[in-house]
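Trainee: Here is a sequence together with a model predicted from it:
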Amino acid sequence: MCEEIKATVQKHTQSLRHSKEELNRLNQAIQRLTVEVDGAKSQEEGASGSAKGKLAWLEAALQRAKQDMVRQLREYQELMIVKLGLDFEIATYRKLLEGEESRLGLGFGTGSVTLGSAPTCGPGSAAGAAPPPPPPPPPPAAGSLETSAPGGGCALCGSPGCVGAFSCTGPRGC
């Protein structure tokens, strides 16, 4: 009987050894899996934190872009107001200029210039001596266009007989 007990004890000892070895292997596997899980969790947290950081950065960039767009829109609107004012002012001056051209019979507004014949006389021309100059013209009315040259005379040829017109019909024969 002693032999049987020894054999049974040996069997149980061997079984116990196998169980301890299996338990050690399982503990090692549990440790490896725990390390892997912890690593995966930290990676997930890092990725989540990184994604949250990127999201916050992108939201801030979007906000800055919106503010910049609002600023540029305001600048554009201000420039459009200035442009419209300038367009109005240009149209006003164009209308005034066309009115003066029409009043003087110049025809500049249509794109063709009708000045009459070109001047052919001047100092030393063959037209002969000039008669004494006529009295100076009355001063122009307020708001009218001055058509005489500085010091009197025609704005084109300087002849005192052409004052007030651009057709050069002065006494010099122009």
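Mentor: Sure thing, it's come through.

Trainee: is it fair to say residue 27 lies in a helix?
Mentor: Yes. Looking at residue 27 with DSSP: H, G, I helix; E, B strand; the rest coil, it is inside a helix.

Trainee: how close does it get to residue 21?
Mentor: From residue 27 across to residue 21, the span is 11 Å (CB to CB, to the nearest Å). Quick note: C-beta positions are derived from backbone N, CA and C, even for glycine.

Trainee: Same check on residue 42?
Mentor: Taking CB to CB, one finds residue 42 at 32 Å from residue 21.

Trainee: show me where the protein has helices.
Mentor: 2-104 (DSSP state H).

Trainee: Tell me how many other residues crowd residue 100.
Mentor: Residues lying near residue 100 (other CB atoms under 10 Å) number 16.

Trainee: same thing with residue 28?
Mentor: So residue 28, with other CB under 10 Å, has 10 neighbours.

Trainee: Also residue 57?
Mentor: Around residue 57 there are 10 residues (other CB under 10 Å).

Trainee: any idea how far it is from residue 49?
Mentor: As judged by CB to CB, residue 57 and residue 49 stand 13 Å apart.

Trainee: got any ranges where this structure has weak pLDDT?
Mentor: Along the chain, the parts satisfying pLDDT under 70 run over 107-174.

Trainee: one more time with 90
Mentor: 1-18, 38-52, 105-174 (pLDDT under 90).

Trainee: mind saving the C-alpha coords of stretch 17-29 as PDB?
Mentor: The C-alpha trace of stretch 17-29 is given here as PDB (Å, rounded to 0.1, in the frame of the first residue of the first chain):
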ATOM      1  CA  ARG A  17       3.600  20.700 -11.300                       C
ATOM      2  CA  HIS A  18       1.800  20.700 -14.600                       C
ATOM      3  CA  SER A  19      -0.900  22.800 -13.000                       C
ATOM      4  CA  LYS A  20       1.700  25.300 -11.600                       C
ATOM      5  CA  GLU A  21       3.400  25.500 -15.000                       C
ATOM      6  CA  GLU A  22       0.100  26.000 -16.700                       C
ATOM      7  CA  LEU A  23      -0.800  28.600 -14.100                       C
ATOM      8  CA  ASN A  24       2.600  30.400 -14.700                       C
ATOM      9  CA  ARG A  25       2.000  30.300 -18.500                       C
ATOM     10  CA  LEU A  26      -1.500  31.800 -18.000                       C
ATOM     11  CA  ASN A  27      -0.200  34.500 -15.600                       C
ATOM     12  CA  GLN A  28       2.400  35.400 -18.200                       C
ATOM     13  CA  ALA A  29      -0.300  35.500 -20.900                       C
END
